[in-house]
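Visitor: Kindly return the folded structure for what I paste below:
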Amino acid sequence: MRKINSALAIIIGITLLFSCNNAQSPRGNEQHSINKVMQQSDGSIALHVDKAESYRDKKNPSTNTAEWNVVMPKSGRFDVWLSSATIDTTNLGYENKVLLNIHNNVLETLPVINKVVKNTNEVEAPYFRVDSFMGTLYIQDTGQYLVQIISDKILPEDVHDAGDKITEKTKLLSVTLTPAIK
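Guide: The predicted structure is shown next:
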């Protein structure tokens, strides 16, 4: 009788343990799916800073980081573009280089203005959207990757316009990877 009770207690304990784990799994998966970005059918990947997991420090902005989980069913060579919102289309004002890391493939550059994009709904006056070419990156394998960008222009969420005074001249909006054309 003791053996049966002991076996029954172990079975109930294991059942409870697995049922508790199953109840928590969907919540954990939802957390990861919020930050998951799928590669588009044309091969491009658009990573928006406002939808990233991020670390933002007002006192030391050079360590500000945005991260995404990217699912890439297509590998290859990609052109990497940064989009910024700025009030000055002659000088972006990045104080430090921007660093992009995808599975130990690293690009690092000090953004310059390559394109001023007019008539876009991504920014409101007095800002303009400016695109900067960061470089070309080769990703050999398909799969899920952690993509990380570090920049002093990943601003804290509570940085806004202070009345009539603009507190930040430039902020990083997004990173876009597009298949490189040979």
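Visitor: Next one: residue 69 from residue 53, what distance?
Guide: Taking CB to CB, to the nearest Å as the measure, residue 69 falls 9 Å from residue 53. For glycine as for every other residue, the C-beta is placed from the backbone atoms N, C-alpha and C.
Visitor: Need the overlap of contacts for the two.
Guide: Applying CB atoms under 8 Å, 6 or more residues apart in numbering, one finds that residue 69 and residue 53 are jointly contacted by residue 35.
Visitor: so after the worst-scoring helix or strand of the chain on mean pLDDT, what's the next helix or strand?
Guide: Between all helices and strands in the chain, the lowest mean by mean pLDDT, DSSP states H and E belongs to helix 2-34, at a mean of 47. If you walk from helix 2-34 toward the C-terminus, the next helix or strand you reach (DSSP states H and E) is strand 36-38.
Visitor: Which positions in that following strand come out as buried?
Guide: Taking 16 or more other CB atoms under 10 Å as the basis for neighbour counts, the residues of strand 36-38 that come out buried are residue 37.
Visitor: Could you do stretch 113-128 as well?
Guide: Buried residues in stretch 113-128, defined by neighbour count with 16+ other CB under 10 Å: 113, 123, 127-128.
Visitor: Now distance to residue 95, pLDDT and secondary structure too, for the residues you listed, in TSV please.
Guide: Written out in TSV, the entries for these read as follows (distance: CB to CB, whole Å; pLDDT from 0 to 100; DSSP: H, G, I helix; E, B strand; the rest coil):
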residue	distance to residue 95	pLDDT	secondary structure
113	16	95	coil
123	21	88	coil
127	19	90	coil
128	20	92	strand
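Visitor: So which elements touch the helix or strand containing residue 176?
Guide: Taking DSSP H and E as the definition, residue 176 sits inside strand 170-179. With contacts defined as 3 or more CB pairs under 8 Å, 6 or more residues apart in numbering; DSSP states H and E, the secondary structure elements packing on strand 170-179 are strand 45-48, strand 76-86, strand 128-139, strand 143-150.
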